[in-house]
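Enquirer: Got a predicted structure here, sequence first:
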Amino acid sequence: MSMSESASTPATSGPASQEGFSPTQQERDELRRHGILLTSLEELYNWGRSNSVWPLNFGLACCAIEMIAASMARFDIARFGSEVFRPSPRQADLLIVSGTVTKKMAPQVIRLWNQMPEPKYCIAMGACAISGGPFKQGYNVLKGIDRYLPVDIYIPGCPPRPEALLHGLMQLQAQIRGQKLTGPDRPRHLRADTGCAYPVPEFGAHDLEPPANPEVWQAPSLPRSG
Ligand code: SF4
């Protein structure tokens, strides 16, 4: 049907004529069987981003070995479009923090994050990256990279297996596919009031200064009784 035809065609009853028509997945599948593909700019944009998440070629400790295994033939992260591990943060979308983050290394990790362009995502892979893991009580280990960076996906385990990383990647893809391009819920890279660079901590007299970025992490308050 041409544009002129559609403009002159009177509205008829049925779902396609209703305002704000939003077909269900079942209806879309049915249309697809007839060679009609329904989509929106938002879906197309999110589909493209979610299937080309390129991780930074970067690892910190034992969890990185599992990350490397995920890119090998047996687990084949290429099935999800993420086999292109980039050697430069300028070309990467995804920071997989895979391993123990020592306080000596933390500023470098945040600097790498700052060098990545938006839209970018962060996966905390393994107990160490999430909370310090078995080294949590160590004076030299950061108790979670989320004290400084906005983590999108947490993958527990010590270490998580490659399948767990693939599952985390699929969860990230689902998050990306659900993002709105407009409105108050739009993601960070579409907001003018948020920057993509985060403060890099420095070594103070006793510890990293600041000990956390209050924009992404606040210490939990524990209710005390009595
Ligand atoms: S979570 Fe376990 S396997 Fe991963 S870096 Fe820490 S100690 Fe190593």
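Expert: All right, it came through fine. Here the structure is a predicted model, which means the values were calculated and not measured. Numbers count the residues shown, from 1 in each chain.
Enquirer: Just give me the neighbour total for Val141.
Expert: Using other CB atoms under 10 Å, Val141 has 21 other residues around it. Every C-beta, even on glycine, is put in place using the N, C-alpha and C of the backbone.
Enquirer: Which pLDDT does the model give it?
Expert: Looking at Val141, its pLDDT reads 95.
Enquirer: Quick check: the gap between it and Ala64.
Expert: 16 Å (CB to CB, to the nearest Å).
Enquirer: How about Pro159?
Expert: With distances taken as CB to CB, Pro159 is found 9 Å from Ala64.
Enquirer: Who does the residue nearest the centre of the chain form a beta bridge with?
Expert: Centroid-nearest residue in the chain, with CA atoms, centre = their mean: Tyr121, separated by 3.5 Å. Per DSSP bridges, the residues bridged to Tyr121 are Leu94.
Enquirer: In this structure Thr194 contacts Val216, no?
Expert: No. Thr194 lies out of contact with Val216 (CB atoms under 8 Å); the separation is 11.1 Å.
Enquirer: Between those two, which contacts overlap?
Expert: Shared contacts of Thr194 and Val216, defined by CB atoms under 8 Å, 6 or more residues apart in numbering, are absent.
Enquirer: Between Pro159 and Ala64, which is the more surrounded one?
Expert: Neighbour comparison, Pro159 and Ala64: the larger count goes to Pro159, with 23 against 18 (by other CB under 10 Å).
Enquirer: How about the residues of the chain by the ligand?
Expert: Residues of the chain lying near the ligand by CB under 6 Å from any ligand atom: 61-63, 99-100, 126-128, 133-134, 158-159.
Enquirer: which among those residues end up buried?
Expert: 61, 63, 99-100, 126-128, 133, 159 (16 or more other CB atoms under 10 Å).
Enquirer: and the closest residue to Pro162 other than its chain neighbours, what is it in contact with?
Expert: Distances taken as CB to CB, 6 or more residues apart in numbering place Ala70 nearest to Pro162, at 3.8 Å, with adjacent residues excluded. Shown in contact with Ala70 (CB under 8 Å, 6+ apart): 77, 162, 165-166.
Enquirer: Please report how far Ala70 lies from Leu112.
Expert: Separation of Ala70 from Leu112 (CB to CB): 20 Å.
Enquirer: check contacts around the closest residue to Leu208 other than its chain neighbours.
Expert: In this structure, Leu208 finds its nearest non-sequential neighbour in Pro201, 4.1 Å apart by CB to CB, 6+ apart. Pro201 makes contacts with 106-107, 110, 148, 208-211, as judged by CB under 8 Å, 6+ apart.
Enquirer: Could you give the number of residues near Asp76?
Expert: 13.
Enquirer: ugh, typo on my part, it should be Met170
Expert: 13.
Enquirer: Name the next helix or strand downstream of the biggest helix by length in the chain, please.
Expert: Secondary structure of the chain per DSSP state H: the longest helix is helix 162-177. Next helix or strand after helix 162-177 toward the C-terminus (DSSP states H and E): strand 202-203.
Enquirer: Among the residues of the chain next to the ligand, which lie within helices?
Expert: Those of the residues of the chain next to the ligand lying in helices (DSSP H): 62-63, 126-128.
Enquirer: Pipe those into CSV and attach pLDDT per row.
Expert: Formatted as CSV, these follow (pLDDT from 0 to 100):
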residue, pLDDT
Cys62, 95
Cys63, 96
Gly126, 96
Ala127, 97
Cys128, 97
